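Visitor: Pasted the sequence and its predicted model underneath.
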Amino acid sequence: MHRYENYWIVTLFRGVLATMFGCAIVLIPQMSSSLLLLPFATVLSILFLAVYGAADSALVFVGSFALPERPGQIASRLQGVLGVVIALLLATIAFEQTRVHWFFYLVAAQAGAAAVSDMVTARHVWRHHRTMLVYASALVAGTAAVYFLMSAILVAPTMPAEISARVLYGYLLGFGVVNCGLACLMLQDKSHHHGVGGAVLPHAR
């Protein structure tokens with residue numbers, strides 16, 4: 001199996017993981033709507049993000065071994081390590097009940113790291129696939145990073161918990177769908193080329 005196929009398989013798993021956690025957009029706002037469940041919903045929301053961040057970072061680190069270019073490997077591994085650190089900080093915020101709006105800064109940092117890593121990786125993957133679609137996940141993560149940073153600075157302290165949850169898990173859902181779609185498209189394209197190659201070679205002989 002070619003290394004790029006391994007990379008897209010890992011990307012597919014990342015997409016499925018983000019989509020699964022993004023589906024918490026349905027659960028968390030309902031819990032936040034009750035005053036009795038509001039504190040628990042906030043803690044659960046942050047813990048969800050911490051678990052997702054750690055799991056996604058592990059997949060990114062594993063996926064780095066499927067990249068043939070060293071810059072992509074380094075960027076992915078740095079993102080994996082940084083993601084675990086951010087996940088631990090998120091868990092600390094949840095358990096120590098520090099100012100909750102600070103987790104917007106951490107989410108912005110996580111999305112920013114993903115954007116930079118995906119951009120570096122996409123630059124090298126593009127040489128193989130020759131399609132600008134490989135930059136899609138970097139674009140989504142980069143846009144989310146800017147939004148979360150602006151939210152942390154301007155509106156996060158006063159943003160209702162329900163809106164915060166919808167924004168955060170909406171990002172995960174969108175990031176997951178983009179990665180799933182992109183991975184499936186690239187894997188299908190690769191499979192198609194293998195099929196054509198297998199059909200043409202006999203005639204060439």
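Guide: Alright, I've got the coordinates. Numbering: from 1, shown residues only.

Visitor: Quick check: next helix or strand after the helix-or-strand element of the chain with minimal mean pLDDT?
Guide: Across the helices and strands of the chain, mean pLDDT, DSSP states H and E gives its lowest value to helix 24-32, namely a mean of 65. Under the assignment DSSP states H and E, the closest C-terminal helix or strand after helix 24-32 is helix 38-63.

Visitor: Can you name every helix or strand that that next one contacts?
Guide: helix 3-22, helix 24-32, helix 70-96, helix 102-129, helix 161-204 (3 or more CB pairs under 8 Å, 6 or more residues apart in numbering; DSSP states H and E). C-betas here are computed from N, CA, C, even on glycine.

Visitor: what is the rounded mean pLDDT of that helix?
Guide: The average of the pLDDT scores along helix 38-63 is 82.

Visitor: still on that earlier bit, can the helices and strands packed on helix 38-63 go into TSV with extra columns for mean neighbour count and distance to Gly63?
Guide: Output for the helices and strands packed on helix 38-63, formatted as TSV (neighbours: other CB atoms under 10 Å; distance: least, CB to CB, whole Å):
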stretch	mean neighbour count	distance to Gly63
helix 3-22	20	4
helix 24-32	18	24
helix 70-96	18	6
helix 102-129	21	9
helix 161-204	16	11
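
Visitor: Looking at those, spot the one closest to Ser151.
Guide: helix 102-129 (5.4 Å; CB to CB).

Visitor: That closest one vs helix 3-22, what angle?
Guide: In terms of direction (axes from the mean of the first three to the mean of the last three CA atoms, to 10 degrees), helix 102-129 departs from helix 3-22 by 150 degrees.

Visitor: From the contact counts, what lies against helix 102-129?
Guide: helix 3-22, helix 38-63, helix 70-96, helix 136-154, helix 161-204.

Visitor: Go again with 6 Å.
Guide: Applying 3 or more CB pairs under 6 Å, 6 or more residues apart in numbering; DSSP states H and E, one finds that helix 102-129 makes contact with helix 70-96, helix 136-154.
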